[in-house]
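Colleague: I would like to see how this sequence folds:
(one chain, ligands or ions: 2)
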Amino acid sequence: MAVHPWSVVVPAKRLAVAKTRLQPLTGASGADHRAVVLALLADTVAAAVACPLVGSVVVVTDEPLAAQLAGGLGARTVADEPDRGLNPALEHGARAAGGAAVAALSSDLPALRPAELAAALDAASAAPRCFVTDAQGTGTTLLTAVGTPLRPRFGRDSARAHRDDGALPLTGDWPGLLRDVDTPADLRAAVHLGVGTRTSELLRSSPTLAVHLGAAR
Ligand SMILES: Nc1nc2c(ncn2[C@@H]2O[C@H](COP(=O)(O)OP(=O)(O)OP(=O)(O)O)[C@@H](O)[C@H]2O)c(=O)[nH]1
Ligand SMILES: C=C(OP(=O)(O)O)C(=O)O
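Modeller: Ligands and ions are numbered 1, 2, ... in the order given. Down below sits the predicted model:
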């Protein structure tokens, strides 16, 4: 039986140290690196907030600009505790979010659509813990838990780690949910799929970045 509402937890580290693999692109195009990271987060959070199966979105961050942005989009923010990296931050966010159905969502999914997230969360009622593998095939973009602790294993080869830890892999027609952005090629692929409002605005205001991403008209 489908479960909802879901609490969605989104991690966001300090902008100054985030998305370093995008720096060659932002540097070469003269784009504001922080603005790019924030735009990816904004489109991800906006899609989660707009998802009909989601009751609350909690962003785990110590970054004031990310917290401000999350608040403006209707998400709640909690501090980046216990300050021991991504997985402890997600566990903290999941505890703060509460509820029986909790999902950890990557913060770098600018092409995510609310209906895609709804389809994945709907499918996630199939097992107590489920996950969605990223487009590369090694990482994780969504980890879900219903009535059981989240036990996040994000990091290198996290898809394998989540599967080895008993979570069920989910597949479906949700290209925007798979397309996390780590590298310039990933951002190009997300732009090709169609990105949300904030990333689109950024491309309009940064013509050189748009050219680098093949998005210039
Ligand atoms: N709140 C919180 N989020 C984190 C932490 N570490 C990583 N994240 C977030 O988790 C996601 C994946 O992080 P990483 O793959 O380590 O780093 P990244 O910023 O995506 O990119 P790179 O610098 O290119 O490795 C990003 O959204 C980060 O902002 C942490 O300690 N606390
Ligand atoms: C940490 C992860 O994400 P990223 O692709 O941002 O490195 C992961 O997939 O587990």
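Colleague: Pretty sure residue 130 sits against residue 166.
Modeller: No. At 10.3 Å, residue 130 does not count as touching residue 166 under the criterion of C-beta atoms under 8 Å. Quick note: C-beta positions are derived from backbone N, CA and C, even for glycine.
Colleague: residue ranges of the strands in this structure, please?
Modeller: 6-11, 54-60, 76-78, 101-105, 129-133, 140-146, 168-169 (DSSP state E).
Colleague: sorry, back to before: what about residue 130 and residue 166, which has more around it?
Modeller: residue 130 (22 against 11; other C-beta atoms under 10 Å).
Colleague: Can you name the residues that contact the more buried one?
Modeller: Residues near residue 130 by C-beta atoms under 8 Å, 6 or more residues apart in numbering: 123, 124, 143, 144, 167, 168, 169, 170.
Colleague: Show me just the buried residues among those.
Modeller: 123, 124, 143, 144, 167, 170 (16 or more other C-beta atoms under 10 Å).
Colleague: Which of these lies at the shortest distance from ligand 1?
Modeller: Within these, the smallest distance to ligand 1 is 12.1 Å, found for residue 143 (C-beta to the nearest ligand atom).
Colleague: which residues touch the closest one?
Modeller: Residue 143 makes contacts with 103, 104, 129, 130, 131, 150, 152, 154, 162, 167, as judged by C-beta under 8 Å, 6+ apart.
Colleague: Ligand 2 contacts on this structure?
Modeller: 134, 139, 140, 154, 155, 158, 180, 182 (C-beta under 6 Å from any ligand atom).
Colleague: now the fourth one: how far from residue 79?
Modeller: By that I understand residue 154. 19 Å (C-beta to C-beta, to the nearest Å).
Colleague: Need the contacts of residue 143 in CSV (columns: pLDDT and distance to ligand 1).
Modeller: Formatted as CSV, these follow (pLDDT from 0 to 100; distance: C-beta to the nearest ligand atom, whole Å):
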residue, pLDDT, distance to ligand 1
103, 98, 14
104, 98, 9
129, 98, 19
130, 98, 19
131, 98, 15
150, 97, 14
152, 98, 10
154, 98, 7
162, 98, 15
167, 98, 18
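Colleague: Write the ChimeraX selection for whichever of those are buried.
Modeller: Selecting just the buried residues from those in ChimeraX takes one command, with 16+ other C-beta under 10 Å as the test:
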select :103,104,129,130,131,150,152,154,162,167
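Colleague: ok, and the closest non-adjacent residue to residue 211?
Modeller: Nearest residue to residue 211 in three dimensions, chain neighbours excluded: residue 29, at 7.6 Å (C-beta to C-beta, 6 or more residues apart in numbering).
Colleague: Look at that neighbour and say how many residues are nearby.
Modeller: The burial count for residue 29: 18, using other C-beta under 10 Å.
Colleague: Return the per-residue confidence for it.
Modeller: For residue 29, the pLDDT comes out at 86.
Colleague: Repeat that for residue 79.
Modeller: Looking at residue 79, its pLDDT stands at 98.
Colleague: what's the spacing between the residue nearest to residue 211 and residue 61?
Modeller: In this view, residue 29 and residue 61 are 25 Å apart by C-beta to C-beta.
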